[in-house]
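In: after the sequence you'll find the predicted model.
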Amino acid sequence: MGMEVKNNNKQQKQRKQRMRNGAQLISTFLISISHFSSLTSHLVRSTSFLIILAFSLVSCVDTQEREDTPTGNFEALWHIIDEHYCFFDYKQHAYGLDWQDVYNKYKVRVSDKMSDSQLFEVLTDMLAELRDGHVNLSSSMDYGRYWTWHEAYPQNFSDSLERRYLGTDYRLAGGMSYRVLDDNIGYIRYASFNSPVGEGNLDQCLTYLALCRGLIIDIRNNGGGELTTAERLAGRFVQQKTLVGYLQHKTGSGHNDFSNMEPRYLEPSSNVRWHKGVCVLTNRSVYSAANDFAVIMHALPNVKLVGDRTGGGSGLPMSSSLPNGWTVRYSACPIYDANKQHTEFGIAPDVAVSLTDAATAKGVDDIIETARQLLIK
């Protein structure tokens, strides 16, 4: 009788895990389709690619059942990443990442007698070996993250300088703050692509700035958000269909199992477009969708990136569940620039500039001032 109850409990836990995985799959699939729909609405025009992509996304969930023990959760997490993470080869060449060595390193730290907090620490440390801001471990007690991509570098942004340059009479349109600087240079501050902007907002903003000599788009400290927002904005600065990058998706569980590179094209907006020079201001806290915006804009002939290298984050993220219900997010589909180069670790500016203490003390933003000079020439 006791054995029967134990087996029933085990079966119930396994059923609950399958339900969690199924629910997670549906959620992840819908989110991923939403992200890729934003890309494909202007960038990718391939029905066959979308069909293949849909099936690949369905497969991107760990289906093997493992015990809800520290060892079982460790094994589940390692195998999910092993089969679905998209930057192993690139990072092996970049800094010597060996995922099997990582397994051996952290396996010895796992014991079925350890607490949830201890297990969470070990798993978070293991994921940090990937050096990826899109890789996170979520639980009810904590959120495991890797933020060294910006925390280990100069900020090159100042809130007080932002307030000085915007003043108090700036305009607001959706997620944008904008004004005309005193040398007739337009300035747009876009702090997060989680704050949406509509076509009407962009029409009003660009019409208001139309007589300016050039335009600054300041996306420093923009950690990303909606790809639709990034591409909607970028579409105002291209005059013809333009190749801006490539993307791939996983086709199997091997580290190098990928589809062919699919080209990404940016279509010009049918609304108000900008034809003059543009400087996009960047720093290490430009990440994810904002990094993608910088990559797209860098492919355009009248645009210069000014400031510091971006933080990167060029993998489309997806999520899976562990046996204990914790959720792991990871980069699953790589996105490349127009030269088929990775931008997972960011993109270098055309003109590298850093804030200096002396200028900051005087209320001067070196990066903005450099952009102004470039646009005046």
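Out: Ah, there it is.

In: quick one: contacts for the closest residue to Phe293 other than its chain neighbours?
Out: Leaving aside its sequence neighbours, Phe293 sits nearest to Ala230 (CB to CB, 6 or more residues apart in numbering; 4.0 Å). Glycine gets a C-beta too; all of them are placed from N, C-alpha and C. Shown in contact with Ala230 (CB atoms under 8 Å, 6 or more residues apart in numbering): Phe193, Ala289, Ala290, Asp292, Phe293, Ile296.

In: leaving aside the residues adjacent along the chain, what's closest to the first one?
Out: Translated: Phe193. Leaving aside its sequence neighbours, Phe193 sits nearest to Gly225 (CB to CB, 6+ apart; 3.1 Å).

In: tell me the centre residue of the chain?
Out: Nearest residue to the geometric centre of the chain (CA atoms, centre = their mean): Ser288, 1.9 Å.

In: just give me the neighbour total for the residue nearest to that residue when sequence neighbours are not counted.
Out: Among residues not flanking Ser288 along the chain, Gly224 sits closest, at 2.8 Å (CB to CB, 6+ apart). Neighbourhood size, Gly224 [other CB atoms under 10 Å]: 24.

In: report the separation between the residue nearest to Phe293 and Val295.
Out: Distance from Ala230 to Val295, counting by CB to CB, to the nearest Å: 10 Å.

In: going along the chain, name the helices of the stretch 51-200 of the chain.
Out: Under the criterion DSSP state H, counting those that start in this stretch, the stretch 51-200 of the chain contains helices at 70-84, 88-95, 99-107, 116-128, 148-151, 159-166, 199-208.

In: in this structure, what secondary structure element scores lowest on mean pLDDT?
Out: One helix or strand of the chain scores below all others by mean pLDDT, DSSP states H and E: helix 47-59, with a mean of 39.

In: re the thing from before, the residue nearest to Ser288 touches Tyr287, doesn't it?
Out: Yes. Counting by CB atoms under 8 Å, Gly224 touches Tyr287, with 5.2 Å between them.

In: joint contacts of the two?
Out: Gly313.

In: doesn't Met297 fall inside a strand?
Out: No. Counting by DSSP: H, G, I helix; E, B strand; the rest coil, Met297 falls outside a strand, being helix.

In: contacts only, for the closest residue to it other than its chain neighbours.
Out: Counting by CB to CB, 6+ apart, Met297 lies nearest to Val303, which is 4.7 Å off, once chain neighbours are set aside. Residues in contact with Val303 (CB under 8 Å, 6+ apart) are Phe237, Gly277, Val278, Cys279, Val280, Met297.

In: and with 7 Å instead?
Out: Neighbouring residues of Val303 by CB atoms under 7 Å, 6 or more residues apart in numbering: Phe237, Val278, Val280, Met297.

In: please convert the buried members of those into ChimeraX selection syntax.
Out: Entered in ChimeraX, the line below selects the buried ones among these, by 16 or more other CB atoms under 10 Å:
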select :237,278,280,297
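
In: can you tell me which of the contacts of Val303 are in strands?
Out: Val278, Val280 (DSSP state E).

In: so Asn136 makes contact with Tyr143?
Out: Yes. Asn136 lies in contact with Tyr143 (CB atoms under 7 Å); the separation is 6.5 Å.

In: scan the protein for its longest strand.
Out: The residue-count maximum for a strand in the chain (DSSP E) belongs to strand 327-336.

In: next, the angle helix 116-128 makes with that strand.
Out: Strand 327-336 runs at 10 degrees relative to helix 116-128, counting by axes from the mean of the first three to the mean of the last three CA atoms, to 10 degrees.

In: neighbouring contacts of the helix or strand that comes right after strand 327-336?
Out: Counting by DSSP states H and E, the next helix or strand C-terminal to strand 327-336 is strand 351-352. Residues outside strand 351-352 that contact it (CB under 7 Å, 6+ apart) are Lys304, Val306, Asp308, Thr370, Leu374.
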